[in-house]
Structures are given as structure tokens and as C-alpha cells.
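Participant: Sequence unavailable; structure follows:
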């Protein structure tokens with residue numbers, strides 16, 4: 001399983017903000033990670049709409065965490081940014097066109113794996129992703 005770029009970028013934004021403890025612009029975050037500013041801006045808008053970041057527009061503006069790092073669950077972020085319903089087509093029997101849907105064990109196997117994956121992520125918060133903020137800032141190249 002591979003997370004989408006939206007999930008990846010959402011976690012990166014949140015980790016950078018948690019590590020620095022200060023306001024950062026989308027431009028600055030994109031530059032530090034070497035990723036697309038446009039894609040990052042879309043993810044930042046969604047994080048703002050979900051209440052994870054606050055955004056200040058205009059000159060001197062940027063993003064800040066709107067919640068404490070201990071209050072941001074990794075599993076929750078992944079659920080909000082991933083389409084986990086369609087791991088495989090037969091996960092939704094109402095729309096599946098698979099001729100053996102309901103007659104095989106694939107749904108249970110994949111459903112159990114997905115549940116275990118998310119349960120594992122639920123054990124982590126943003127604080128856990130940035131256990132050494134000063135080292136993270138050094139690696140990211142920010143003060």
C-alpha cells in the first residue's frame with residue numbers, strides 16, 4: 001500500500017510546523033522539502049478546512065498549527081486524506097462487479113489488514129513523528 005501525495009504532504013506540513021513551533025509559509029515548506037508549491041498549497045487549504053492549521057494571508061503570512069501536536073493523530077490524518085474505501089473494487093459489495101464478490105475471502109483479508117494498519121497509525125501523534133524537533137529542524141534546514 002502506498003499513501004497518496006496528499007497524505008504525504010499533509011504529514012510533512014504538520015511535521016514541519018510542529019518541529020519549528022512557528023509560522024511557516026507554503027513557499028518555505030515546499031522549498032525545504034523540494035516539492036511542488038502548488039500541490040502543497042492545495043493540501044494546506046484542506047488542512048485549514050479540517051482545523052489542523054491556521055492560515056494568515058498576505059505579506060508575512062503563513063501557516064501555524066491550530067492544535068497541539070499531541071492532539072493530531074496520524075491515523076486520523078490518513079483517514080481524512082486517503083480513499084480507503086476502494087482498496088480493491090470488491091470492498092464495496094454494493095458497487096462491485098466482481099463475479100465472486102462475497103464468495104471469497106479477499107474482502108476479509110484486506111479489510112483486516114487495513115484495520116490493523118489504521119490501528120497501528122492510531123497509536124501515533126504528531127509529537128511522535130517529530131521526537132527530536134531540533135534535529136528535525138537541522139535536517140530540514142530551518143532555524
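Facilitator: It's in. Because the structure is predicted, anything quoted here is derived from the model rather than measured.
Participant: would you list every one of the helices in this structure?
Facilitator: 5-20, 26-33, 37-49, 74-81, 106-121, 126-129, 133-140 (DSSP state H).
Participant: Tell me which of the ones you listed sits nearest to residue 87.
Facilitator: helix 106-121 (5.4 Å; CB to CB). All C-beta spots, glycine's among them, are computed from the backbone N, C-alpha and C.
Participant: related to what we said a few turns ago, between the helices of the chain, which one is nearest to residue 65?
Facilitator: When those are compared (using CB to CB), the closest one is helix 5-20, at 4.8 Å.
Participant: Against which helices or strands is that closest one packed?
Facilitator: Here helix 5-20 touches helix 26-33, helix 37-49, strand 53-56, strand 62-65, helix 74-81, helix 126-129, helix 133-140, going by 3 or more CB pairs under 8 Å, 6 or more residues apart in numbering; DSSP states H and E.
Participant: Run through who's touching stretch 108-125.
Facilitator: Applying CB atoms under 8 Å, 6 or more residues apart in numbering, the contact partners of stretch 108-125 are 1, 69-76, 78-79, 84, 87-88, 91.
Participant: re earlier: tell me the most buried of the helices of the chain?
Facilitator: By mean neighbour count, with neighbours taken as mean count of other CB atoms under 10 Å, helix 5-20 ranks first of the helices of the chain at a mean of 21.
Participant: Give me the average confidence score over it.
Facilitator: Averaging pLDDT along helix 5-20 yields 96.
Participant: closest one to residue 20 among the helices and strands packed on helix 5-20?
Facilitator: Using CB to CB, these put helix 133-140 closest to residue 20, at 6.1 Å.
Participant: follow-up on the earlier one: can you put the helices and strands packed on helix 5-20 in JSON lines and add mean pLDDT?
Facilitator: Converted to JSON lines, the helices and strands packed on helix 5-20 look like this (pLDDT from 0 to 100):
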{"stretch": "helix 26-33", "mean pLDDT": "94"}
{"stretch": "helix 37-49", "mean pLDDT": "96"}
{"stretch": "strand 53-56", "mean pLDDT": "94"}
{"stretch": "strand 62-65", "mean pLDDT": "96"}
{"stretch": "helix 74-81", "mean pLDDT": "97"}
{"stretch": "helix 126-129", "mean pLDDT": "96"}
{"stretch": "helix 133-140", "mean pLDDT": "88"}
